[in-house]
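A.B. asks: Sharing a sequence plus its predicted fold:
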Amino acid sequence: MRCTPFATFAYNFLLGGAAPCYKALEVAELLVHATLGPNPVLDLDLAVRKQEMSLIMFAEGNLGLCLCTRRRKPMFALSTRDILDAHRRFYGNVIKDRTYVVPLPVHEVFHRICNTTAEDVTRKTLEDLEKTIRALFNESTMPTIWSRAAMIVLCQRLHRAGPLHPLVRAMSWDIILTLDPVPCHKSEVFPLFLAGTTALLETQRIAVTARWVRAPEKGFEEPLAFLKDLWEEMNKTGNTVSWMQFMEDRNVSLAFF
């Protein structure tokens, strides 16, 4: 369960891009359900302590698919006692090009957002999520780009805020300015992509392109090509465009982790 599907996922990401990756992910989902049952529970703290990196990779891949697919919910239920404490203890396993990409508290926030829809979200849920994310702004072990990415995802998915929203613009600039003007690490692509989806100015777009990862995987080429198509659409119509709607209209698949 923890070898072949995940190796296939990585191989497809390298050569074929996102679409074939998700085919491998579907096979892995069947294996997980067969092994862990129809409602699998994942303790991120325990998985990291036991070095179950393939399981974490799978959970991140499944979460990434949910982040790029409206109304799709993560297959795992999360069970972690103190996610921030776990993040602090295992922070060294999160940064740069390690297998373990998404910081644990952000993983949990993304999970909660993907399990909620804009149609049924309550004011209390929104307030709780924003409070959790803002607390990460002051966490010394939390990379700035990831706490800002969490806020953008909240605004875009549940508040339905567009790129002109002041908070979305501020978070996007924080991501761009935090990253040095050199190709970023693979683990930094998703936050940079989110900043790119809100880039209305040519200076922002140049900054995003300059910082884009230089890597052989086709899966990393596709999001940048998508951003350029998105920017061209904005230029052509003069309107802001929802990246998720644009992706659905074009029947595009994207993968980030």
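C.D. replies: The structure has been received and is ready for your questions.
A.B. asks: Would you map the strands across the protein?
C.D. replies: In the chain, the strands defined using DSSP state E lie at 41-42, 77-78.
A.B. asks: I would like the residues contacting the first one, please.
C.D. replies: The contact list for strand 41-42 (CB atoms under 8 Å, 6 or more residues apart in numbering) reads 55, 59, 76-79. All C-beta atoms are positioned from the backbone trio N, CA, C, and that covers glycine.
A.B. asks: can you tell me which of those lies nearest to Arg88?
C.D. replies: Leu78 (17.6 Å; CB to CB).
A.B. asks: Does the closest one touch Glu108 like I think?
C.D. replies: Yes: in this structure, Leu78 is within contact of Glu108 by CB atoms under 8 Å, at 6.1 Å.
A.B. asks: Between the two, which contacts overlap?
C.D. replies: Leu44.
A.B. asks: how about the helices in the stretch 151-257 of the chain?
C.D. replies: All helices of the stretch 151-257 of the chain, identified by DSSP state H, counting those that start in this stretch, fall at 166-178, 189-197, 202-211, 218-237, 243-250.
A.B. asks: Name the stretch among the ones you listed that sits most buried.
C.D. replies: Compared across these, helix 189-197 shows the largest average neighbour count, a mean of 26 (mean count of other CB atoms under 10 Å).
A.B. asks: average pLDDT across it?
C.D. replies: In this model, helix 189-197 has a mean pLDDT of 97.
A.B. asks: how distant is it from the center of its chain?
C.D. replies: 9 Å (CA atoms, centre = their mean, to the nearest Å).
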